[in-house]
Every structure is written in structure tokens, then in C-alpha cells.
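Asks: need a structure here:
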Amino acid sequence: MRSTRGHQAEAWSIVNVEDERRGEVTMVWGEPHPYCLVVLDPEIEAGSWEQVIYRLEQEILVEEPGVVSYAVWHKGFVGEFYRCADCGELHSQFDEDAGSELRLNDLEPPEER
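Replies: Okay, the predicted model is just below:
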């Protein structure tokens, strides 16, 4: 990973062993808690976003305990997640199939009045 840091945010590029970019991670250090955007290359294996979040928590966010919200994009919007303090698993912020409701090509134009 490569890092770029600003006052309120930090960004990382995910690269493979050939130094090819395979994704981006952006962390916004805001209130009420940090918000993380994970955007993965379509060539990344499905489900790899969970490993990306785990690695972020273990290697980068280890000094920032607490609630972090993750928005994940991989071949489209996957969902928003948080790590449950009780069971340690990632849970959806909303319902389990939030990604299927966010299809821009399904939107109807507003009716004119």
C-alpha cells in the first residue's frame, strides 16, 4: 500500500507485487466516527473486500480503536458495513441486500409538473 495524508483524511493505493494499482482506500477522520471508502479493481476476487478491511484494521487502524463505517465498491456498490463490538463480524449498516437497490439505470426521471 502507498499512502497520502491530509489534515482530515488519508488515502492508500492497493498495489500488487508488480506495482499495479488494484484499489483505493480513503479514510475520512470525521465525527461522529471515521468513515472509510474502499474501491476495488474489478479483477480482484469477489469477497476480497473483507480481507482489505481486516488488513486495514490490523496494520493501519490499530491506533484508532472504535467504530469505523466502511463503504465498499467492487464491480458496483457492495454496501456499508461496520465491525460489531459484540461478535467481531462485519455487519451491514442497512439491510443485507442494499447494493441491489442502488442501480442508477433503474431510476425513472422525475415527472414534470
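
Asks: where does pLDDT dip in the chain?
Replies: In the predicted model of the chain, residues 1-6, 61-66, 95-113 satisfy pLDDT under 70.

Asks: helices of that one, start to end?
Replies: In the chain, helices defined by DSSP state H lie at 48-55, listed in chain order.

Asks: now the strands: where do they sit in it?
Replies: 2-5, 9-15, 21-28, 35-40, 69-74, 77-83, 90-92 (DSSP state E).

Asks: closest to E59 out of these?
Replies: strand 9-15 (10.3 Å; CB to CB). Placement of C-beta: from N, CA and C, glycine included.

Asks: so what are the sheet partners of the closest one and their directions?
Replies: When pairing is defined by DSSP bridges, strand 9-15 lines up against strand 2-5 (antiparallel), strand 21-28 (antiparallel).

Asks: list just the one of the strands of the chain that sits closest to W49.
Replies: Among the strands of the chain, strand 69-74 sits nearest to W49 (CB to CB), with 4.7 Å.

Asks: other SSEs contacting the closest one?
Replies: Contacts defined by 3 or more CB pairs under 8 Å, 6 or more residues apart in numbering; DSSP states H and E place strand 69-74 against strand 35-40, helix 48-55, strand 77-83.

Asks: buried residues in the last one?
Replies: Put plainly, it is strand 77-83. Going by neighbour count (16 or more other CB atoms under 10 Å), the buried part of strand 77-83 is 77-81, 83.

Asks: could you do the longest one as well?
Replies: Residues 48-49, 52-53 are the ones in helix 48-55 that count as buried (16+ other CB under 10 Å).

Asks: run through who's touching that helix.
Replies: 14, 23, 25, 36, 38, 40, 70, 72, 74, 78, 81, 83, 90 (CB atoms under 8 Å, 6 or more residues apart in numbering).

Asks: which strand residues bridge the residue nearest to the third one when sequence neighbours are not counted?
Replies: In this case it means V25. Nearest residue to V25 in three dimensions, chain neighbours excluded: W12, at 4.5 Å (CB to CB, 6 or more residues apart in numbering). With DSSP bridges as the criterion, W12 is bridged to S3, V25.

Asks: ok, V25 - how many residues close by?
Replies: V25: 22 surrounding residues under other CB atoms under 10 Å.
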